[in-house]
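Student: the sequence and its predicted three-dimensional model are supplied below.
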Amino acid sequence: MKKAALYGGIFFLILLLVFNSSFVQAKKISKEECWERFNNEVIQDVKSSFPELKILDDTSISVTQYTHEDIDTAMRATGGKAGPYLNSVSNLYAGTFRGDPLFYVVSARPKDIDVNDKYDSTYIGYFIYKKSDGTNVMLKMRPGETSWDIIKKKKRKVLLQNGIVESNFYVYLIYQ
C-alpha cells in the first residue's frame, strides 16, 4: 500500500510539473521593443561607467539627444550647408557597436566648463557608445570654429577573468 501511494504521489507530481510548465509562456514583445530595451540597457551601462555623464540626467539643464538618423535628417534638411559641424559628428557613427551610439548636446553651466579652454560656446557634446568588444567609450566634445572638436576620450572595459571582475580605465586627453 505504501508503494502504491509513493508511486501515485510521484506520478501526480510529474503530471503537475508537466502541465504547469507547458502553460507557462513568456510575454511576447516586438522586435522594435526588444531592440529599444537592449539599447536602453547599453546606454545606461555606458552612462554608469563615467561619473561626469550624470549631467545627462540633470533635469535643471537643457540636454538634447541625437541618433545617427537625426544627424542624417539634419544634413538632408539643410542641403548639406551645416556640413562641417554635422559631418564631424556623423563620421563618429561609422563602425561596429553594441546598440546604437548617441550624441548628447548639453547647455552647460559655467561650473561645468574649464575656465582655460579656448571655446566661446557654453555647449558641451558627449558621444557615447559601447564597442563590439564590450568597451564603454565617451567622447567629450566642444563646438570649434568649423566642427565639433573632441577634447577628451575615455574608455572603460570590464574584464571577467577566473570569476573576478577586473576594471581597466583608460583616459586619453586629446586637447588640453
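Tutor: Looks like it came in fine.

Student: show me the beta-bridge partners of residue 130.
Tutor: Applying DSSP bridges to residue 130 gives these bridge partners: residue 98, residue 136.

Student: mind listing what it touches?
Tutor: 42, 45-46, 97-99, 136-137 (Cβ atoms under 8 Å, 6 or more residues apart in numbering). Every residue, glycine included, has its C-beta placed from N, CA and C.

Student: for the most centrally placed residue in the chain, which three-state class applies?
Tutor: The chain has residue 43 as the residue nearest its centroid, 2.0 Å off, counting by Cα atoms, centre = their mean. Of the three states, residue 43 takes helix under DSSP: H, G, I helix; E, B strand; the rest coil.

Student: ok so, going back, which of the contacts of residue 130 are buried, as a PyMOL select command?
Tutor: Typed into PyMOL, the line below selects the buried ones among the contacts of residue 130, using 16 or more other Cβ atoms under 10 Å:
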select buried, resi 42+45+46+98+99+136+137
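
Student: can you tell me the closest non-neighbouring residue to the residue nearest to the centre of the chain?
Tutor: Leaving aside its chain neighbours, residue 43 sits nearest to residue 102 (6.2 Å; criterion: Cβ to Cβ, 6 or more residues apart in numbering).

Student: pLDDT at the one you found, what is it?
Tutor: pLDDT for residue 102: 94.

Student: is it in a bridge, and if so with what?
Tutor: residue 128.

Student: how far away is it from residue 53?
Tutor: 11 Å (Cβ to Cβ, to the nearest Å).

Student: strands of the protein, start to end?
Tutor: Shown for the chain, the strands assigned by DSSP state E span residues 63-66, 97-107, 123-131, 136-143, 148-161, 164-173.

Student: re earlier: need the overlap of contacts for residue 102 and residue 53.
Tutor: Joint contacts of residue 102 and residue 53 (Cβ under 8 Å, 6+ apart) are residue 128.

Student: tell me where the model's unsure across the chain.
Tutor: Along the chain, the parts satisfying pLDDT under 70 run over 1, 6, 12-13, 15-26, 80-82, 110-117, 158-176.

Student: again, only using 90
Tutor: 1-41, 55-62, 67-68, 70-96, 98-99, 107-124, 132-134, 142-148, 157-176 (pLDDT under 90).

Student: check contacts around the closest residue to residue 129 other than its chain neighbours.
Tutor: The spatial neighbour of residue 129 that comes closest, neighbours along the chain excluded (Cβ to Cβ, 6+ apart), is residue 101 at 3.4 Å. Counting by Cβ under 8 Å, 6+ apart, residue 101 makes contact with 68, 92-93, 127-129.
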